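Colleague: Provide a 3D model corresponding to the input given below.
(2 chains)
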Amino acid sequence: MLQRPRGTRDFLPDEMEARAEIEGRMREAARRFGYRPVRTPAFEELELFTLRSGPGIVNEMYAFEDKGGRALTLRPELTAPVLRLYVNEARVLPKPLRWYYVDDCFRYERPQKGRYRQFWQFGAELIGVDSAGADAEVILLADAALRAAGVQYELKVGHLALLRSLLVDLDETARRTVMGLLDKREMNALRDALTDLGRADLLGSLVALVGATTLDEAFAVTGPLPEEARLRELVALLEAAGLEYSLNFGIVRGLDYYTGMVFEGFAANLGAENQIVGGGAYRLAHLFGGEDTPSCGFAIGFDRVMVALGEVAVPHRTVVAILSTPEGAASAFRAAAALRAAGLRAELDLSGKGLGAQMTKAAKTADFAVLIGAREAEAGVVAFKNLSTGLQETLCLEDAVARAAGREVDAPGSR
RNA sequence: GCCAGGGUAGGGUAGCUGGUCAUCCUAGGGGACUGUGGAUCCCCCGACCCGGGUUCGAGUCUCGGCCCUGGCCCCA
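Modeller: Modelled structure (predicted):
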């Protein structure tokens, strides 16, 4: 038997409805912040991602050559495509641009809990403003989206300037090593690495900075920096908004295009892959041929949100089953059309079985049954049955629709 | 790429010191029931991941592969 590719998933209706419910709440959060949806191609030129992240990532991508010899890849993330879109199509739109997206990405990695080869990201990019307010808005939107989804998580906000100020004297390679170890909180390995570099003197400052929980503590380690005023403003805005978060200046966020503010969020019970959101202020547009444009954004791991939520209660919508004998079939289709036109979910019984069997089925799945046999078809009425109370009435079609929609009926008949 | 544990009807499972009809639950289909309920009863359908090896005989032991789950690495 054919199997689905490794690291991919099928979604049955129950799960799709849960995902659509959560996605809808997150989209609504974005809408309320004034963010509007964008969509980019599922595949892009390979160079788009190597420009951003270096050639090493090709191994982690679904890269391929098309029939025209072009080097392409399935997108491994969405920030670069969205910024490419901005440079290509939207440079002259009035700033700031507030965009969000929900789409699938592809990475050739070993699957594990919360990590798949096809996965979905919900993200937003705020393009063309560079301010504490911009930083704050993006953090607040990420938080609003996660809270709308119902996720319990821990939010950490930091700024790269402080760590970088301590590491200015180190060369590129050494800085990456140190930042990598800090990111993993491997303090013993960090001490060894600093000793090898002849910079054991940095250890105390680094440990103090990473452990700092207030701006005062952090700037006591680094001394005055040009970024201090903006960072204090950001903190004031976040406090004013009532955001629950902690400061953390050990956040490294991988690569170099992040320019200042960075943030991460972690959910409980997600196993080894517990990061649920990551983002920050960055500059990418110039890499793709645009003007140097400040941006700020984040990406939420949508699948991890779903794992963290577990069971999702999807709001119940009324289901009307339509039962009929052969003589009532035409009327049944007419009744279904009327119910659907009223926005109700109407399911015709197509089994051709007896009414007993049809009712058995309806009782399992529906809230109401509309039954049309020879008698009802002849009289131009329907038998309308409330399957939770067992009450049955003979009604005209309009009244049956009103009943199913939860409205009162003026002169209800009865059996 | 590495490590550990797994893979038996659609879903969940028992069997695993090699040898009887491979167990049970559930779901699905049919019937008791050709104008009305989720119950009950009866019947049916349906599985040992793939391939090699050992053996008279492999679901069971062994090797390889694939896949799943979790962890390492990586994480844009």
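Colleague: what residue in the stretch 101-250 of chain A comes nearest to RNA strand B?
Modeller: A:Lys113 (2.8 Å; Cβ to the nearest atom of the strand). C-beta: built from backbone N, CA, C; applies to glycine.
Colleague: so what's that residue up against?
Modeller: A:270-273, A:307 (Cβ atoms under 8 Å, 6 or more residues apart in numbering).
Colleague: may I ask which two of these are separated the most?
Modeller: A:Ala272 and A:Val307 (12.1 Å; Cβ to Cβ).
Colleague: okay, now the unreliable bits of chain A?
Modeller: A:1, A:254-255, A:408-415 (pLDDT under 70).
Colleague: quick one, longest helix in it?
Modeller: Secondary structure of chain A per DSSP state H: the longest helix is helix A:13-32.
Colleague: okay, and the beta partners of the residue nearest the centre of chain A?
Modeller: With distances taken as Cα atoms, centre = their mean, the residue of chain A nearest its centroid is A:Phe122 (2.9 Å). For A:Phe122, the beta-bridge partners are A:Val102, A:Ile300 (DSSP bridges).
Colleague: tell me which stretches of the stretch 51-200 of chain A form helices.
Modeller: Using DSSP state H, counting those that start in this stretch, the helices of the stretch 51-200 of chain A run over residues A:79-89, A:132-149, A:160-166, A:172-183, A:187-196.
Colleague: got the buried residues for the last one?
Modeller: Yep, that's helix A:187-196 we're talking about. Buried positions in helix A:187-196, judged by neighbour count with 16 or more other Cβ atoms under 10 Å: A:190-191, A:193-194.
Colleague: just the CA trace of it, in PDB.
Modeller: Provided in PDB are the C-alpha atoms of helix A:187-196 (Å, rounded to 0.1, in the frame of the first residue of the first chain):
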ATOM      1  CA  MET A 187      28.000  27.500  31.000                       C
ATOM      2  CA  ASN A 188      30.700  24.900  31.600                       C
ATOM      3  CA  ALA A 189      31.400  24.600  27.900                       C
ATOM      4  CA  LEU A 190      31.200  28.400  27.700                       C
ATOM      5  CA  ARG A 191      33.900  28.800  30.300                       C
ATOM      6  CA  ASP A 192      36.100  26.400  28.500                       C
ATOM      7  CA  ALA A 193      35.600  28.200  25.200                       C
ATOM      8  CA  LEU A 194      36.300  31.600  26.700                       C
ATOM      9  CA  THR A 195      39.500  30.200  28.300                       C
ATOM     10  CA  ASP A 196      40.600  28.800  24.900                       C
END
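Colleague: surely A:Pro81 touches A:Pro41?
Modeller: Yes - at 7.3 Å, A:Pro81 counts as touching A:Pro41 under the criterion of Cβ atoms under 8 Å.
Colleague: sorry, back to before: need the helices of the stretch 51-200 of chain A in JSON lines (columns: distance to A:Thr214).
Modeller: Output for these, formatted as JSON lines (distance: least, Cβ to Cβ, whole Å):
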{"stretch": "helix A:79-89", "distance to A:Thr214": "30"}
{"stretch": "helix A:132-149", "distance to A:Thr214": "17"}
{"stretch": "helix A:160-166", "distance to A:Thr214": "12"}
{"stretch": "helix A:172-183", "distance to A:Thr214": "19"}
{"stretch": "helix A:187-196", "distance to A:Thr214": "21"}
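Colleague: could I get the ones you listed as JSON lines with distance to RNA strand B?
Modeller: Compiled in JSON lines, those are given as follows (distance: least, Cβ to the nearest atom of the strand, whole Å):
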{"stretch": "helix A:79-89", "distance to RNA strand B": "6"}
{"stretch": "helix A:132-149", "distance to RNA strand B": "14"}
{"stretch": "helix A:160-166", "distance to RNA strand B": "13"}
{"stretch": "helix A:172-183", "distance to RNA strand B": "7"}
{"stretch": "helix A:187-196", "distance to RNA strand B": "10"}
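Colleague: looking at the ones you listed, which is nearest to A:Asp349?
Modeller: That would be, of those and by Cβ to Cβ, helix A:132-149, which comes in at 36.7 Å.
Colleague: for the closest one, packing partners?
Modeller: helix A:13-32, strand A:118-127, strand A:153-159, helix A:228-240, strand A:258-267, strand A:275-283, strand A:294-301, helix A:302-309 (3 or more Cβ pairs under 8 Å, 6 or more residues apart in numbering; DSSP states H and E).
Colleague: can you list the ones you listed in CSV and add distance to RNA strand B?
Modeller: Formatted as CSV, the helices and strands packed on helix A:132-149 follow (distance: least, Cβ to the nearest atom of the strand, whole Å):
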stretch, distance to RNA strand B
helix A:13-32, 12
strand A:118-127, 10
strand A:153-159, 14
helix A:228-240, 21
strand A:258-267, 9
strand A:275-283, 6
strand A:294-301, 8
helix A:302-309, 8
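Colleague: out of those, which is closest to A:Leu387?
Modeller: A:Leu387 sits nearest to helix A:13-32 of all those, at 20.8 Å, using Cβ to Cβ.
Colleague: which strands or helices does the next helix or strand after that closest one pack on?
Modeller: Going down the chain from helix A:13-32, the next helix or strand is strand A:36-37, by DSSP states H and E. Contacts defined by 3+ Cβ pairs under 8 Å, 6+ apart place strand A:36-37 against strand A:97-106.
Colleague: kindly recompute the last result at 10 Å.
Modeller: Using 3 or more Cβ pairs under 10 Å, 6 or more residues apart in numbering; DSSP states H and E, the elements in contact with strand A:36-37 are helix A:13-32, strand A:97-106.
Colleague: if I look at the nearest residue in space to A:Ile57 that is not next to it in sequence, how far off is A:Cys105?
Modeller: Nearest residue to A:Ile57, sequence neighbours excluded (Cβ to Cβ, 6 or more residues apart in numbering): A:Phe49, at 6.3 Å. Per Cβ to Cβ, to the nearest Å, A:Phe49 is found 11 Å from A:Cys105.
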